[in-house]
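J.: Fold the stuff below for me.
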Amino acid sequence: MKAMILAGGSGTRLWPLSRKNYPKQFLKLNSNQSLLQQTAERLLHVFSPEDIVVMTNNEYKFHVKSDLESSAITNIVLEPACRNTAPAIALGVTFCLERLGCTEDEFLLISPCDHIIKPVEKFKEYIAHAEGVAKEGYIVTFGVKPTRPETGYGYIKAKSKEQRAKSQDYFIVERFTEKPGEEMAKGYLEAGMYYWNSGMFAFTIGLIIEEFMRHAPEIGKAFKMSFDEFSSRFHEMTNISLDYAIVEKSDKVAVLPMELYWNDVGSWDSLYDILDKDKKGNVKVGDVITIGTKSTMVIGDKRLITTIGLKDCLVVGTDDAILITKRGQTQKVKEVVERLMLEDRREVSEHLTTYRPWGSYTVLEEGPRYKIKRIVVNPCEKLSLQMHHHRSEHWVVVRGAAKVTIGDKEIFIHENESAYVPKSTLHRLENPGKVPLEIIEVQNGEYVGEDDILRIEDHYER
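T.: I've put the predicted structure just below:
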């Protein structure tokens, strides 16, 4: 048995917390673990670390490695371009065949990286059941029994009880339906043969290759290539999901109904459902004071947020953006993101804090010809050996000790000491110590954009 975690999505529906450069799978929303870490831990109850493959892209490589550092999962496959789940899964299948020595009768579970599922023991039972269904010759979809007329999920329509599959525990799929309106969702709930589409799949490798050849031959032809050749031609693949490419066309799809807690955390309303609430139904995260406020979620960061007289609302504040909306309207956040993209706004993709493999930096202030950052370098990590043509930099250590390379000199600077880096001078910042290094960096010059960087040597091979 193998499992594949899909961890390449941009997760913009939880904007402004989730952004393109740091999407929701890396956020710690409901515990001290990220959603990706929770997914990995859940699958490790069933699969060995060496039997789990994580699909992501180069942009998220270091985030994924950092989150999975303690899990012993090392099979991380980088998608060379963004081409949705069908090409990603095909590339992952090729990796399993060539690099992991899988055969075509191997069972493969496909799991998104950002869902919440509990209890784990019950989920384990469904995976074991899905293996048997898959080996009967089906692509297995995991359907969640609806508990309310939800308009934010896709639905799976199972055939009637008289049209059950061989087992009495799963059904042949009649059709898939998109997110319905409220009245239609109520009808689905009353009909009783509709299930929420969880986005998880299971199948044997041989069957999915066969279905790719049959329904998506432009992707299926890649199975005749080596993994390296497939990777080099990945950008030529059609940008399409597995649902559209295969699952909605195949006549070999079964739905396995699950009765457990499942949440795809696909909107702020979904997050409200899972977080702890006070006696008035309020979710409060951060420095929050509420007066006369009911059934409202307020999420803050460093700033104090106060509300008066709100009901059924959502307030999310970050260092550079605030979202205020009525609960029940949060699916429209994607419209805000689309607007920001059209206006080429930085806030759609970047936080003020940006994470790097060596640590992070936070933009504190920016103006014409200058930028001020707080830089944190993790113990025993170092930035690339680099230079800037359009700016100089001044570093002041506020915590820890820094090893600094400037030109052909190496020096150590400590708290309340500083170093100056002239324009067009090779330099490097390192943390040789056992505690995080924190510095304040002041950039000055005619251009202070992040793309004014020439890397000469990089420990992380960027």
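J.: Following element in sequence after the lowest-mean-pLDDT helix or strand in the chain, please.
T.: Least confident helix or strand of the chain, by mean pLDDT, DSSP states H and E, is helix 182-191 with a mean of 88. Tracing the chain past helix 182-191, the next element assigned as helix or strand by DSSP states H and E is strand 194-204.
J.: between that following strand and helix 182-191, how big is the angle?
T.: Comparing the axes of strand 194-204 and helix 182-191 via axes from the mean of the first three to the mean of the last three C-alpha atoms, to 10 degrees yields an angle of 70 degrees.
J.: in which helix or strand would I find the closest residue to Arg374 other than its chain neighbours?
T.: The shortest distance from Arg374 to any non-neighbouring residue, by C-beta to C-beta, 6 or more residues apart in numbering, is to Thr362 (4.6 Å). Any C-beta I mention is one placed from the backbone N, CA and C, and that applies to glycine too. In this structure, Thr362 is located in strand 359-367 according to DSSP H and E.
J.: Tell me the helices and strands packed up against that strand.
T.: Contact partners of strand 359-367 among helices and strands, from 3 or more C-beta pairs under 8 Å, 6 or more residues apart in numbering; DSSP states H and E: strand 353-356, strand 370-377, strand 437-445.
J.: now those in JSON lines, with mean neighbour count and distance to Leu429?
T.: Supplementary listing: these in JSON lines, determined by neighbours: other C-beta atoms under 10 Å; distance: least, C-beta to C-beta, whole Å:
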{"stretch": "strand 353-356", "mean neighbour count": "16", "distance to Leu429": "11"}
{"stretch": "strand 370-377", "mean neighbour count": "19", "distance to Leu429": "6"}
{"stretch": "strand 437-445", "mean neighbour count": "19", "distance to Leu429": "7"}
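J.: could the ones you listed be laid out in JSON lines, adding mean pLDDT and distance to Leu207?
T.: As requested, the helices and strands packed on strand 359-367 are exported to JSON lines (pLDDT from 0 to 100; distance: least, C-beta to C-beta, whole Å):
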{"stretch": "strand 353-356", "mean pLDDT": "90", "distance to Leu207": "39"}
{"stretch": "strand 370-377", "mean pLDDT": "97", "distance to Leu207": "48"}
{"stretch": "strand 437-445", "mean pLDDT": "98", "distance to Leu207": "52"}
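J.: do you know which of those strands lies nearest Val398?
T.: Each of the helices and strands packed on strand 359-367 was scored for nearness to Val398 using C-beta to C-beta, and the closest is strand 437-445 (5.1 Å).
J.: The following helix or strand past that closest one pairs with which strands?
T.: As assigned by DSSP H and E, the chain's next helix or strand after strand 437-445 is strand 454-457. With DSSP bridges as the test, strand 454-457 is paired with strand 385-387 (antiparallel).
J.: Show me the beta-bridge partners of the closest residue to Arg399 other than its chain neighbours.
T.: For Arg399, ignoring the flanking residues on the chain, the nearest one in space by C-beta to C-beta, 6+ apart is Glu438 at 4.0 Å. With DSSP bridges as the criterion, Glu438 is bridged to Val376, Arg399.
J.: now Ser418
T.: Val396.
J.: shouldn't it be in contact with Glu393?
T.: No. Counting by C-beta atoms under 8 Å, Ser418 does not reach Glu393; the two are 10.6 Å apart.
J.: And those two? Which one has more around it.
T.: Glu393 (22 against 14; other C-beta atoms under 10 Å).
J.: part of a strand, is that one?
T.: Yes. Looking at Glu393 with DSSP: H, G, I helix; E, B strand; the rest coil, it is inside a strand.
J.: Verify the stated contact: it with Glu441.
T.: Yes. At 5.7 Å, Glu393 counts as touching Glu441 under the criterion of C-beta under 8 Å.
J.: follow-up on the earlier one: how about the helices and strands packed on strand 359-367 in TSV, adding distance to Phe171?
T.: What follows is the helices and strands packed on strand 359-367, written out as TSV (distance: least, C-beta to C-beta, whole Å):
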stretch	distance to Phe171
strand 353-356	44
strand 370-377	52
strand 437-445	57
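J.: Out of the ones you listed, which is closest to Ala202?
T.: strand 353-356 (32.8 Å).
J.: what are the pairing partners of the closest one, and which direction each?
T.: Using DSSP bridges, the strands paired with strand 353-356 are strand 359-367 (antiparallel).
J.: And Ala7, its phi and psi?
T.: The phi and psi torsions at Ala7 (degrees, to the nearest 10) take the values phi -130, psi 40.
J.: Output the least confident helix or strand of the chain in PDB with nothing but the alpha carbons.
T.: Coordinates of the C-alpha atoms in helix 182-191 are reproduced here as PDB (Å, rounded to 0.1, in the frame of the first residue of the first chain):
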ATOM      1  CA  GLU A 182     -29.400  26.100  -0.900                       C
ATOM      2  CA  GLU A 183     -32.700  24.600  -2.200                       C
ATOM      3  CA  MET A 184     -30.900  22.000  -4.200                       C
ATOM      4  CA  ALA A 185     -28.700  21.100  -1.300                       C
ATOM      5  CA  LYS A 186     -31.800  20.600   0.900                       C
ATOM      6  CA  GLY A 187     -33.100  18.300  -1.800                       C
ATOM      7  CA  TYR A 188     -29.900  16.300  -1.800                       C
ATOM      8  CA  LEU A 189     -30.100  15.900   1.900                       C
ATOM      9  CA  GLU A 190     -33.700  14.700   1.800                       C
ATOM     10  CA  ALA A 191     -33.000  12.300  -1.100                       C
END
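J.: From Ile406, how far off is Gly9?
T.: Between Gly9 and Ile406 the distance, using C-beta to C-beta, to the nearest Å, works out to 41 Å.
J.: need the helices for the stretch 101-250 of the chain, in chain order.
T.: Along the stretch 101-250 of the chain, the segments classed as helices by DSSP state H, counting those that start in this stretch run 120-134, 182-191, 205-215, 217-220, 227-232, 242.
J.: which helices and strands sit right next to the first one?
T.: Going back to what we said before, that points to helix 120-134. strand 107-112, strand 139-144, strand 194-204, strand 253-258.
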